[in-house]
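Chemist: A predicted structure for the sequence below; I have some questions about it.
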Number of protein chains: 2
Amino acid sequence: MKNNKFDVVGKRVVPIDVKEKAMGTAEYVTDMKLPGMLYGKILRSPYAHANILSIDTSEAKKIPGVKAVITFEDTPKIPFGTGCGRNDWYILAKDKVRFVGDEVAAVAAIDEETAEKALELIHVEYEELPVVLTPKDAIKKGAPIIHEDCPDNIAYHTEVERGDVDKAFKDADLVVKGTYSTSQAYQAYLEPKAAVAQWDAYGKLTMWLPVQVPMKCRIVYAKALGLDPGRLRVIKPYMGGGFGAKFEYMAHLICAELARHTGKPVKVVNTRREDFIAGNPRVPMEISIELALKKDGRFIGKKVYTLAGNGGRTVYGPPIASTTCYRIDALYDFQNVRSKADLLYTNTAPTGCMRGFGNSQMITTFEQLLDRAAEKLDIDPIEIRLKNAYKDGDVNLHGWELNTCGLAECLEKARNMSDWEKKYGKKRQKGRLKKGIGIASTMHVSGNRAFFKPFDGASSLIRIGEEGQVTLVHGECDMGQGQDTAFAQIACEALGARYEDFSVATVDTQISSLGCGSFSTRGTTLGGQGAIAAAKDAKGKILEAAGEILERPAKELDASNGIIFEKETGKEVLTFAEAAKHYVFEHGGMPVTGVGYWKPPTVVPKNYYGNCSPVYPYGAHIAEVEVDEETGRVDVVNYWAVHDVGRVINPTLLEGQLEGGIVQGIGWALTEDMIYDEKGVLQNDNFLDYRIPGSNDVPRIYTDFVESNDPNGPFGAKGIGEPALNPVAAAVSNAIYDAIGVRFYEIPITPEKILKGLAEKEKNKNSNTAANKNSYLYQRRL
Amino acid sequence: MKNNKFDVVGKRVVPIDVKEKAMGTAEYVTDMKLPGMLYGKILRSPYAHANILSIDTSEAKKIPGVKAVITFEDTPKIPFGTGCGRNDWYILAKDKVRFVGDEVAAVAAIDEETAEKALELIHVEYEELPVVLTPKDAIKKGAPIIHEDCPDNIAYHTEVERGDVDKAFKDADLVVKGTYSTSQAYQAYLEPKAAVAQWDAYGKLTMWLPVQVPMKCRIVYAKALGLDPGRLRVIKPYMGGGFGAKFEYMAHLICAELARHTGKPVKVVNTRREDFIAGNPRVPMEISIELALKKDGRFIGKKVYTLAGNGGRTVYGPPIASTTCYRIDALYDFQNVRSKADLLYTNTAPTGCMRGFGNSQMITTFEQLLDRAAEKLDIDPIEIRLKNAYKDGDVNLHGWELNTCGLAECLEKARNMSDWEKKYGKKRQKGRLKKGIGIASTMHVSGNRAFFKPFDGASSLIRIGEEGQVTLVHGECDMGQGQDTAFAQIACEALGARYEDFSVATVDTQISSLGCGSFSTRGTTLGGQGAIAAAKDAKGKILEAAGEILERPAKELDASNGIIFEKETGKEVLTFAEAAKHYVFEHGGMPVTGVGYWKPPTVVPKNYYGNCSPVYPYGAHIAEVEVDEETGRVDVVNYWAVHDVGRVINPTLLEGQLEGGIVQGIGWALTEDMIYDEKGVLQNDNFLDYRIPGSNDVPRIYTDFVESNDPNGPFGAKGIGEPALNPVAAAVSNAIYDAIGVRFYEIPITPEKILKGLAEKEKNKNSNTAANKNSYLYQRRL
């Protein structure tokens, strides 16, 4: 029967939604047009910090075609938040604005032009207030207060400690320290943030939202709107990218309010500028870190202080800041750790999730610092990583159970693929172009009970129709990364159906499983297990039906690739479709229905202690760069990435995700930063001024995978989404050092910084002063 | 806990989709707009009968914006049909056209205007053929042959016989005979026929179709398109009426072909004229009937010959014609019956289903004839009906098991309500306005194994989310009559949930149950039972979850109206939502999932013998008319209708359906007929010339219901859709006779016919010749 271990898993099958997308017929929220639909537009603050003295909407309301003009006064006035400790959201600004782009009023009209015209006729009187833009300034005594109930501007503070950190640092042979900054990057998804909302006769609200977390949106939005969450239905159509940006968002709620006021469906779509100034970009951080090592390179302690920028209100800053304090402790065994983090309100766009959460910032920081320790100890960067890497079956200091950890294998594969030995530390140059190579490790969670606590797990429903056609209903969110295809492959394999008979239902809280959402690189692992559970249930029924037709026990039969066969002989006895038709016709038209769920063996950590993820993906990245010493331009020329993904479900999608993560990481490493002027006005609010990598910036990328076959993964699989990006900036930075001998402490490493670094290096060549005032390293007993 | 027997059943709840419809935001197929969508238009034959000599599409293809121009040659060329014995359909005409409106070619373009312009540039050379328009002409020797493989034009012939008919007619005290014609009526639904089609990467086709039978469409369309039915997904969005017209339809397939040729989604929407000339109107019939009676009014035999018009190709003419032969035999006990039917091809629009199927034509016929027998025997029309009416538990001559039959009760209630005794047979007139009253009985099936044989039954799936919100997924089709609301009420009652927590999923073959469809007045009965089955399964799980929370056996608990209570004491212990949340969170996000099905205790009849419907609805209608002897205008002034519906699920919807049926019946009785000229061109192809009743034509309608609580109905319910219309024309005709003493043998009874009838009556007042050449009655031993 079967020639290979798997029929569908591991195959480069055609993605389930490829033609709709390729042909442009896939309907995104931005494409939607419901009968009678109105268009909503939002009046945004031009000031980064100001009191609202008055709003006059009377003129705007007079324009023909304008159906509603709303301000805070027209909303439920319920303070709410994303569940991260701070209820600092209102639908439309209450009495002050806290960033340029803050939502002041909104209009629904028969078309976008009319709505925009009405915006111009809303008269708002502001009283400008002093502005504070960076966490460093915001934490200073006497800084302008952004939220009155938070006079120190500290939106969140946390601390984690394990072991005897002070003793470890006393016992250290070497301590390396540094303060590293990471920029506020924009997620640069193709589809801007959008919503369509419509109310029904019972006060039930339906929202079409391109979001990663429909369930979380339901809970939060219901509260904000003063609704029973059961009254809110969220449908997630095709989605043009998320990268962490598509969580709860104010415009969704404004859209719902406009729909409530007009009794019509309303669509709100951000312009790209709105998406830049009032989206939820990555939390910018300054991380001060100290690492204690023995002279053989073994880590014995780590101290961290994270200073993070929250922007004007709280999105997911708190768990992102806290993530910097402990997640990396499952990459290497630090033995003793102490971390603190402060999250500061600032007068910028509210910051939130971006691929890697806080772990990207921390891995960027640590993996740069680590290279300095390796250099000092004269240990090869790969060797020092191998020495401290976790292994299969380890349990880390926070109680995380690392059933499988392919980090060492990834490091070794990457070393071989890249010809590391021949390249690292070797002066390689042609004139002004200097070549260098750098490495960084990565890990992440796949699922996270620490982030979303009410429950964890995933479930699915599978229906098999009378012709053998299979529909998978799950509750997780394909953001465009191919999640639905992966689920179909996993479920198909477990069911023994034909992949071409599969379809995947649109996520819709009316019918789908309660999925926690697409975050924490959890989709494939959790959702895949849920899909397997439903498939097993459905397969049992199909085999029962086959047994009925054949008049023999179902347990003698099995199915594979749409064929039912005898277990003993492998003889094909029936098609899947024949068994399905029999079942459906014998059951009054009822499709074969399988349901199932999987609960991960994780816990809600207490004081950060407890296994929060069922599996932990690992990886190693090596970047090779060419630095132009004349222009400062850094060209990433080759890139090698090897990931422990547990099991490859679809090589094409995996490579796609990984390559995407690498390119996004290169952007963060070299160009991407949101730059505000002193009044808090974003200077690069468009794709001309905010530069993401173009096709010329993409290196040759070589990928490979380690299949550690984790017992908690579906067919052994772990995730790839976030670990793909986490190490990129550090690998590039380390490669730049290898090329030009200058260390950088701030990403993006722009040509300007390269030139400045080279100039400082030249100046200090014969001096003993530290090269960089932000960094130092010292020896004790070495 | 409960004050009434039912919480939701029998209540006038707000229909589940009322606001979307009232506000105009409900999206119908005609409203749809998919990204990249093209618009399809069909070139239709201007001739009723002609050979196609050539088609030149070259000019049309040149127009900018035209994406495809297709003819028969571009289609799969597979002959197919609706499964009624004749495979006389091709997608686009093969080599001849058989009615004005026959589909010759089609265009897909970027907008409707461009498509229409292209149609004008398709050059077709026709050779005209002689035309035959009525079954009477078509059956004649030497009539033009419409389908070459059917030289006698007889598309279908059938016969049924039970008992000793010849002996019965010999034993009769009275035989009444007559030949009655019923017109070709247009179903006059609001939403014209429409389709949207889109193909995916795997050659899977998705079609959005406002149809009554998505499953049947899948089977038939897959065959026509050369597809595995598993590759065809049908979604049925909101639907603007069906009345039997929305079954398989050529334009749907043309739409699919245009989508296949262009690789884009395509929408095809009929204009109203296209809907008139090339829709599938009611099968016109001429029924010759003889009834044998004993002098006490008891029936002892019946003979029927039906001559029916099929139009240019076969839609559902065969089962409609056969229905005239035997369905009425479950209304009265005829004891001995012999029926024959012939269905003739004609050069008109292909005829098909309309509310009542063939039973409307037969009831119209018989209930008029019966009044003549009653008059001759000097028995009150209600008395003669009561004498022959079936009763609970009877089994008719075809083996139909009439568990419950409320006919007698309906007749008596209607008599009382209408003040029949005071009105019938009394000369009541004011000048030229003559008043009269007339009665007719009705019955129908609710489900029909004789029509759709592969299987019967219904099933549902219920999902209960974490907030207690309930979604019902069924496979039956709400055409606008409120089926989804009825299902929600039934399922809600069985589940013990709150009605306001209910929603009903759009029917979609990707996920819904395999529903047989909306026909044979089967929805409430079959679908309702399927909903109950799923609700019971889900309720068990909810009560288990409640038991878990409360740490007590689930069997001590019950639920009603969203509250879980102790069975013994009635004490409320938990909400439905609390139990649901517990279940979902404990099961990895899996909603409470209930599935269930119901298989009716029916059989596929053999030679028309065997119980084909689980329940049989009955009713009695009384019409009171005022006839203007000067203008011929008939005004139906009062109308009483009493139906045995088994159980009232929703009085408002039931009244709505019944009133709609009555008004539609009045149109058929008095004005509605599709009139062709001698070349086969429809003369009244619009709502100005084809007159359906307006608000001024609607009488005061009084309705009441008998609740016979059928053991096979959900909470006892039977259907109402078709029996509501069946008796109207006869009741009106009988009332006209009571008013002016003229009998009519042809509907519609137009003012012209009234005046002609009055004139003939005047002429024959002192003569002994028969008043109408089409009818005669004779006595034997009376």
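Modeler: Cool, got the structure.
Chemist: For the stretch 1-150 of chain A, which segments count as helices?
Modeler: A:18-23, A:58-62, A:112-120, A:135-138 (DSSP state H, counting those that start in this stretch).
Chemist: between these, which gets nearest to chain B?
Modeler: Ranking the helices of the stretch 1-150 of chain A by proximity to chain B (C-beta to the nearest C-beta) places helix A:18-23 first, at 3.5 Å. From N, CA and C alone the C-beta is placed, and that goes for glycine too.
Chemist: Go through that closest one and flag the buried ones.
Modeler: Across helix A:18-23, burial judged by 16 or more other C-beta atoms under 10 Å in any protein chain shown covers A:18-20, A:23.
Chemist: Any chance of TSV for the residues you listed, columns pLDDT and distance to chain B?
Modeler: As requested, the buried residues of helix A:18-23 are arranged in TSV below (pLDDT from 0 to 100; distance: C-beta to the nearest C-beta, whole Å):
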residue	pLDDT	distance to chain B
A:18	88	5
A:19	83	3
A:20	84	6
A:23	82	6
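Chemist: Tell me the one among these nearest to residue A:391.
Modeler: residue A:18 (39.0 Å; C-beta to C-beta).
Chemist: show me what contacts the closest one?
Modeler: By C-beta atoms under 8 Å, 6 or more residues apart in numbering or on different chains, the contact list for residue A:18 reads residue B:201.
Chemist: what lines up beside the strand ranked longest in chain A in the sheet?
Modeler: Taking DSSP state E as the criterion, chain A has its longest strand at strand A:299-311. Here strand A:299-311 is paired, per DSSP bridges, with strand A:285-293 (antiparallel), strand A:337-345 (parallel).
Chemist: Out of these, which is the most enclosed?
Modeler: Greatest average neighbour count among the strands paired with strand A:299-311 goes to strand A:337-345 (a mean of 25), per mean count of other C-beta atoms under 10 Å in any protein chain shown.
Chemist: Could you pick out the residues of the stretch 351-500 of chain A near chain B for me?
Modeler: For the stretch 351-500 of chain A, the residues in contact with chain B (C-beta under 8 Å from any C-beta of the partner chain) are A:454-459, A:461, A:463, A:465-469, A:471, A:473, A:475, A:500.
Chemist: just checking, which of these belong to helices?
Modeler: Per DSSP state H, helices hold no members of those.
Chemist: just checking, what packs against whichever strand or helix holds residue A:758?
Modeler: Taking DSSP states H and E as the criterion, residue A:758 maps to helix A:751-763. Judged by 3 or more C-beta pairs under 8 Å, 6 or more residues apart in numbering or on different chains; DSSP states H and E, helix A:751-763 is in contact with helix A:728-740.
Chemist: roughly how far is the helix it packs on from the heart of the chain?
Modeler: Distance of helix A:728-740 from its chain centroid, counting by C-alpha atoms, centre = their mean, to the nearest Å, is 24 Å.
Chemist: next one: stretch A:165-177
Modeler: Distance, centroid of stretch A:165-177 to centroid of chain: 34 Å (C-alpha atoms, centre = their mean).
Chemist: Could you check that stretch and say which residues are buried?
Modeler: The neighbour-count check on stretch A:165-177 (16+ other C-beta under 10 Å) flags A:165, A:168-169, A:172-177 as buried.
Chemist: quick one, domains of chain A?
Modeler: As given by automatic domain parsing, the domain ranges for chain A are A:18-25+A:457-537+A:580-598, A:32-129+A:199-241+A:246-278, A:285-448+A:607-779.
Chemist: Which of those domains sits closest to residue B:602?
Modeler: Nearest to residue B:602, of all the domains of chain A, is domain A:18-25+A:457-537+A:580-598, at 11.6 Å by C-beta to C-beta.
Chemist: How far away from the center of its chain is that closest one?
Modeler: Per C-alpha atoms, centre = their mean, the centroid offset for domain A:18-25+A:457-537+A:580-598 relative to its chain is 23 Å.
Chemist: Check the separation of the first and last residues in that domain.
Modeler: Distance across domain A:18-25+A:457-537+A:580-598, first residue to last, is 29 Å (C-alpha to C-alpha, to the nearest Å).
Chemist: Most tightly packed of the domains of chain A?
Modeler: By mean count of other C-beta under 10 Å, these have domain A:18-25+A:457-537+A:580-598 as the most buried, with a mean of 26.
Chemist: out of the strands paired with strand A:299-311, nearest to residue A:264?
Modeler: Nearest to residue A:264, of the strands paired with strand A:299-311 and by C-beta to C-beta, is strand A:337-345 at 36.5 Å.
Chemist: C-alpha coordinates for the helix holding residue A:758, PDB please?
Modeler: Only the C-alpha atoms of helix A:751-763 are listed here, as PDB (Å, rounded to 0.1, in the frame of the first residue of the first chain):
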ATOM      1  CA  PRO A 751      25.300  53.000   6.600                       C
ATOM      2  CA  GLU A 752      25.500  56.100   8.700                       C
ATOM      3  CA  LYS A 753      26.300  54.100  11.800                       C
ATOM      4  CA  ILE A 754      28.700  51.900   9.900                       C
ATOM      5  CA  LEU A 755      30.700  54.900   8.700                       C
ATOM      6  CA  LYS A 756      30.600  56.400  12.200                       C
ATOM      7  CA  GLY A 757      31.800  53.100  13.700                       C
ATOM      8  CA  LEU A 758      34.600  52.800  11.200                       C
ATOM      9  CA  ALA A 759      35.700  56.400  12.000                       C
ATOM     10  CA  GLU A 760      35.700  55.800  15.700                       C
ATOM     11  CA  LYS A 761      37.600  52.600  15.300                       C
ATOM     12  CA  GLU A 762      40.200  54.500  13.300                       C
ATOM     13  CA  LYS A 763      40.400  57.200  15.900                       C
END
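Chemist: Now that we're looking at the nearest residue to residue A:500 once chain neighbours are set aside, what pLDDT does it have?
Modeler: Spatial nearest neighbour of residue A:500, excluding adjacent residues (C-beta to C-beta, 6 or more residues apart in numbering or on different chains): residue B:202 at 5.2 Å. Looking at residue B:202, its pLDDT stands at 76.
Chemist: Do me a favour and average the pLDDT over the longest strand of chain A.
Modeler: Rounded mean pLDDT across strand A:299-311 is 98.
Chemist: same for the helix or strand just after that strand, what does it pack against?
Modeler: Once strand A:299-311 ends, the next helix or strand along the chain (criterion: DSSP H and E) is helix A:317-323. Contact here means 3+ C-beta pairs under 8 Å, 6+ apart; on that basis helix A:317-323 packs against strand A:154-162, strand A:299-311, strand A:337-345, helix A:357-377.
Chemist: do you know which of these lies nearest residue A:91?
Modeler: Residue A:91 lies closest to strand A:299-311 among the helices and strands packed on helix A:317-323, at 17.8 Å (C-beta to C-beta).
Chemist: between the closest one and helix A:357-377, how big is the angle?
Modeler: Per axes from the mean of the first three to the mean of the last three C-alpha atoms, to 10 degrees, the angle that strand A:299-311 makes with helix A:357-377 is 140 degrees.
Chemist: And chain B, is the longest helix anywhere in chain A touching that?
Modeler: Ordering each helix of chain A by length in residues (DSSP H) puts helix A:528-550 first. Yes - using C-beta under 8 Å from any C-beta, helix A:528-550 reaches chain B at A:530, A:533.
Chemist: buried residues in whichever helix or strand comes after that helix?
Modeler: With elements assigned by DSSP H and E, the helix or strand that comes after helix A:528-550 is strand A:557-560. By neighbour count on 16+ other C-beta under 10 Å, the buried set for strand A:557-560 is A:557-560.
Chemist: now those residues in JSON lines, with distance to residue B:762 and pLDDT?
Modeler: JSON lines is the format used below for these (distance: C-beta to C-beta, whole Å; pLDDT from 0 to 100):
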{"residue": "A:557", "distance to residue B:762": "82", "pLDDT": "98"}
{"residue": "A:558", "distance to residue B:762": "85", "pLDDT": "97"}
{"residue": "A:559", "distance to residue B:762": "80", "pLDDT": "97"}
{"residue": "A:560", "distance to residue B:762": "84", "pLDDT": "96"}
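Chemist: tell me which of these is nearest to chain B?
Modeler: residue A:559 (15.8 Å).
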